[in-house]
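Peer 1: Here is the input, now give the coordinates:
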Amino acid sequence: MTQDSDILIVGGGLSGPLLALALARGGQTVTVIDALPEPVRKNAAFDGRSYAVALTSQRLLDGLSLWDGIADHSQPILEIKVSDGRAGQGPSPFFMHFDHAEIEEGPMGHMVQDRHLRRALLDAMAASDAITHLADDTVMAQDATPGDVSVTLASGQTLRAKVLIGADGRGSGTAQRAGIKRTGWGYDQTALVCAIAHEKPHHGIAHQFFMPPGPLAILPLPGNQSSIVWSEKADTAAAFNALADDDYLTMLRPRFGDFLGDIELAGKRYSYPLSLSLADRLVAPRTALIGDAAHGVHPIAGQGLNAGMRDIAALAEVITDAARRGEDIGATDVLARYEAWRRFDNTALALATDSFNKLFSNDNTLVRGLRDLGMGVVNALPGLRRSFIREAAGLTGTLPRLMQGRPL
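Peer 2: Numbering: from 1, shown residues only. Model prediction:
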C-alpha cells in the first residue's frame, strides 16, 4: 500500500511540530494535521504565555536548529527559590535555594515565550521539504491495519502512513479512537496565568511560593517582566478571574509580595482547571501518544512540557534507529520500545506532582511543620540540593541523544 507520508501527526500545538522536525531530521516524511488555521498559530502578539524549558529540552531545540532563533528572546533561569507560607504573611523561615552555579552544565533552563517558540516551529516546518502542514482540518476517523494506518479528515481527505502519532492534548481523539483509556482526577484547583511587569530586576530568579490553596510560581522573563502561574481553589479562582484588572492585581499583590517593587499586568489573563490525566497505554496498533495526549500533570514542578519533549526525543530516536535497521517503523515491537522507555518516567512524574500538590496545598499545622523541616534539610545538604538541581535541569535518567546534545 502506498502511503501519503511515513508518519501522520495529529496536533499542531508544540509537541506535534517538534516531533515532525525531529523525524524529518531522521529521514522520515511527515504530515501534521492541525485543527487551528495557520494565521491563528502565527499570531505573534505578546500575550504573556511562556514555558520553562529545561537545559536538556534546550539541547533538543538546539539539535533541531531552532534555538538560535529563540535564544535572544529567552531568559536564563539562574536560581530557583522555594518557600512556604500564607498570602499577606510572607514566607516561612524554611526554604530551598537552588543555584545553577552548583552544576557544571550551565543554567537549569530558560523561560521562552509562546509567541517566539510557535513562530520558530512554523517557520522550520515551512522550510522542510519532508513536512506537510495541513491547517484548519480535523480527524474524523482512523483505522490501523497490519500494513498501515489511515485517517479520514473533516475535509474529506483520507491519508495513509506507517505510524499515527497523537499529539492532540489531554482529550486526545487519537487515543480515544485507538481504544486507549485514561486514569485521572481533578484537583478542584484552577491556574490563573498572566505576565507581570515589575519595578525591580528579577536577576533570573524563579520563585515557587506554596500557599494553602495552591502554589504561586513567579518565573523570570526578559526585562523587568515575569510569568505568573497562580493556583487557587476553583471557586475562588473563578471569582478572581471575573474581576477587572485593577481588582485582580489587588488580590495578587499580597500573594506576590513587594520584593520586585510595584507590579502591573502585561498581556492577557488566562485560566485553566488543574487535573491529572494519564493514558493507560502509550501505544496501540501503529499508534503512539506524546505530550499531553500521554500525560497531563499538575504544573507544580513546571515539568509538563519538558516531559513531552522527552517523549519527542525518545520516539524520534526509536523510529529513526528502526528505519536505519530496515524495520517496519510502525510494528508493534518497535513502538513498544518507546513505551518501555517513557512509561515509568511519565508515571513517576504524575505521581510526584500529585503527591507534591497534596503535601503543599493544605494548611494542616503538623504537615506544614514537617514539610518546612524537610525543605530546611534539603537546603542544608549540598549533595541533595545538587540532585534537585540536576532533576530540574532534566539531567537525570536515560536521556535520548538529542537531549545529550548529540545528533539523531
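Peer 1: R41: neighbouring residues, count only.
Peer 2: 19 (other Cβ atoms under 10 Å). The C-beta positions use only the backbone N, C-alpha and C, and glycine is treated the same way.
Peer 1: Find the nearest non-adjacent residue to the residue at minimal distance from the centre of the chain, please.
Peer 2: Per Cα atoms, centre = their mean, the C-alpha nearest to the average position across the chain is that of L305, at 1.3 Å. Excluding its sequence neighbours, the residue lying closest to L305 (Cβ to Cβ, 6 or more residues apart in numbering) is Y51, at 5.1 Å.
Peer 1: wait, doesn't the one you found sit right on G109?
Peer 2: No. Counting by Cβ atoms under 8 Å, G109 is not a contact partner of Y51; they are 9.4 Å apart.
Peer 1: neighbour count winner among the two?
Peer 2: Per other Cβ under 10 Å, whichever of Y51 and G109 has more neighbours is G109, with 28 against 22.
Peer 1: Low-confidence ranges, the stretch 101-250 of the chain, go.
Peer 2: Nowhere does the stretch 101-250 of the chain drop to pLDDT under 70.
Peer 1: mind listing the strands for it?
Peer 2: In the stretch 101-250 of the chain, the strands defined using DSSP state E, counting those that start in this stretch lie at 109-113, 131-135, 139-144, 149-153, 158-161, 163-166, 182-198, 205-211, 214-221, 225-233.
Peer 1: And those strands: which comes nearest S65?
Peer 2: S65 lies closest to strand 131-135 among those, at 13.5 Å (Cβ to Cβ).
Peer 1: who does that closest one touch, helix- and strand-wise?
Peer 2: Helices and strands touching strand 131-135, by 3 or more Cβ pairs under 8 Å, 6 or more residues apart in numbering; DSSP states H and E, are helix 15-25, strand 30-34, helix 38-41, helix 114-127.
Peer 1: Please convert those to JSON lines, extending it with distance to S271.
Peer 2: Output for the helices and strands packed on strand 131-135, formatted as JSON lines (distance: least, Cβ to Cβ, whole Å):
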{"stretch": "helix 15-25", "distance to S271": "22"}
{"stretch": "strand 30-34", "distance to S271": "24"}
{"stretch": "helix 38-41", "distance to S271": "20"}
{"stretch": "helix 114-127", "distance to S271": "16"}
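Peer 1: and of the ones you listed, who's closest to A279?
Peer 2: It's helix 15-25; of the helices and strands packed on strand 131-135, that one is closest to A279 (Cβ to Cβ) at 13.5 Å.
Peer 1: Taking strand 30-34 as reference, get the angle to that closest one.
Peer 2: Put simply, helix 15-25 runs at 170 degrees to strand 30-34, going by axes from the mean of the first three to the mean of the last three Cα atoms, to 10 degrees.
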